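Enquirer: no sequence on hand, only this structure:
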């Protein structure tokens, strides 16, 4: 039995949403901030991170207390962020200036 199902008889739905709802945001932000601690980046590592974020998305979307659209949106952002690392430098710069989705801090982590 999953934790959210085990808590169902004891906690109302809004309280379960409060407990489990923030997990996706925390995971997405941690994934993006983890780039600063990586010593080297290659194509296979980026692909692995993207695959892991897909697996995480599926696991989180299966929890009834979590909004699956929000999960998809946040983890799509993580995949987009890491896929930028596979682009040539000039294309990366053009892409960053045209997209306002990433904060200044996140853009500086790429460089």
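Expert: Yes, it's here. For clarity, every value in this text was computed on a predicted model and none was experimentally measured.

Enquirer: assign residue 39 to helix, strand or coil.
Expert: coil (DSSP: H, G, I helix; E, B strand; the rest coil).

Enquirer: how about residue 66?
Expert: coil.

Enquirer: pLDDT score assigned to the residue nearest in space to the middle of the chain?
Expert: Centroid check for the chain by C-alpha atoms, centre = their mean gives residue 28 as the closest residue, at 2.9 Å. What the model reports as pLDDT for residue 28 is 92.

Enquirer: residues contacting it?
Expert: Shown in contact with residue 28 (C-beta atoms under 8 Å, 6 or more residues apart in numbering): 74-75, 77-78. All C-beta spots, glycine's among them, are computed from the backbone N, C-alpha and C.

Enquirer: try 10 Å this time
Expert: Listed by C-beta atoms under 10 Å, 6 or more residues apart in numbering, the contact partners of residue 28 are 53, 56-57, 70-71, 73-78, 81.

Enquirer: right, I'll call it a day here.
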